[in-house]
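>>> Return atomic coordinates for the entry below.
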Amino acid sequence: MQLLLIEDDRALCEFLVPLLRTHGHSVTAAHTGPDGLAALREGEFDGVILDRMLPGLDGLTLLHTLRAEGFALPVLMLTALGAPGDKVEGLDAGADDYLAKPFDASELLARLRALARGRSGGYGAVVRCGDAALDTGARVLTGPKGRCEVSGREAALLAFLFRNAGQVLPRALLLDRVWGADSEVEEGNLNNYIFFARRRLQQVGSRVQIQTVRGLGYRAGEC
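So this is what the prediction gives:
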């Protein structure tokens, strides 16, 4: 992947850049929010590793800006702010994944591989959760007892749930990421599609369940 690393900790950059290059990634580093945003506007990248606390322009504001400008590339937030509320804020702002510092290098590399697999038009384009796998291009869900085709909306919902397995995703976030921020979709539609997604998982014999977390949202995971 062609990665943009936006991180003001230069010692961490000196560790990450050669690590990522050793594992086949091409890396450009920026150390401030404005420099990172300028690099995004001027270059071509497959993904971003983004710190949250940046000089000049914080990571959340930068993320809001790039999403508003139409950048759809995957973003992994890498930050010392690891409380559940911080993760929700990062996902709400448009992050595809969120990893708290300190982190294990092997986990960072695994998460980047998962982002690469899930990119639209990227290699593989398969998102996995437990014993279930979703081919986002062909819109086919596979489990222990077979496979079935899913609609585009079902695929988008399942893909986002799978990519963030184990995390509680607020209803508003799901509506925004699956239907779009400007959509006038009603929340009842989300209820319907959660029902459809659960039925699809049962159809392929998967142990993955989409749990309702009362007052908060939904969480996907294998039971």
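
>>> Which parts of this protein are strands?
Applying DSSP state E to the chain gives strands spanning 2-6, 26-30, 47-50, 75-79, 97-100, 126-129, 132-135, 140-143, 146-149, 169-170, 208-213, 217-222.

>>> Domain map for this structure?
Per automatic domain parsing, the domain ranges recorded for the chain read 2-118, 126-222.

>>> In a markdown table: these, plus mean pLDDT and mean neighbour count.
Any C-beta I mention is one placed from the backbone N, CA and C, and that applies to glycine too. Shown next, in a markdown table, are the domains of the chain (pLDDT from 0 to 100; neighbours: other CB atoms under 10 Å):
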| stretch | mean pLDDT | mean neighbour count |
| --- | --- | --- |
| domain 2-118 | 85 | 17 |
| domain 126-222 | 87 | 17 |
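
>>> could I get the strands of the chain as a markdown table with distance to Leu112?
Shown next, in a markdown table, are the strands of the chain (distance: least, CB to CB, whole Å):
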| stretch | distance to Leu112 |
| --- | --- |
| strand 2-6 | 8 |
| strand 26-30 | 11 |
| strand 47-50 | 7 |
| strand 75-79 | 7 |
| strand 97-100 | 9 |
| strand 126-129 | 14 |
| strand 132-135 | 19 |
| strand 140-143 | 23 |
| strand 146-149 | 27 |
| strand 169-170 | 21 |
| strand 208-213 | 23 |
| strand 217-222 | 21 |
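
>>> I'd like to know which of those strands lies nearest to Glu14.
strand 26-30 (9.3 Å; CB to CB).

>>> And that closest one, what does it pack against?
When contacts are defined as 3 or more CB pairs under 8 Å, 6 or more residues apart in numbering; DSSP states H and E, strand 26-30 packs onto strand 2-6, helix 10-22, helix 33-42.

>>> contacting residues around the residue lying farthest from the centre of the chain?
Distance from the centre of the chain peaks at Lys145, with 27.4 Å (CA atoms, centre = their mean). Lys145 is in contact with Gln203, Val204, Gly205, counting by CB atoms under 8 Å, 6 or more residues apart in numbering.

>>> Considering the residues you listed, which is situated nearest to Leu78?
Minimum distance to Leu78 across those is 33.8 Å, recorded for Val204 (CB to CB).

>>> what's the distance between the closest one and Arg219?
Using CB to CB, to the nearest Å, we find Val204 at a distance of 20 Å from Arg219.

>>> again with His25
From His25 across to Arg219, the span is 30 Å (CB to CB).

>>> Isn't Met77 up against Leu99?
Yes. When contacts are counted by CB atoms under 8 Å, Met77 is listed as touching Leu99 (7.1 Å).

>>> Thanks again, I'm all set now.
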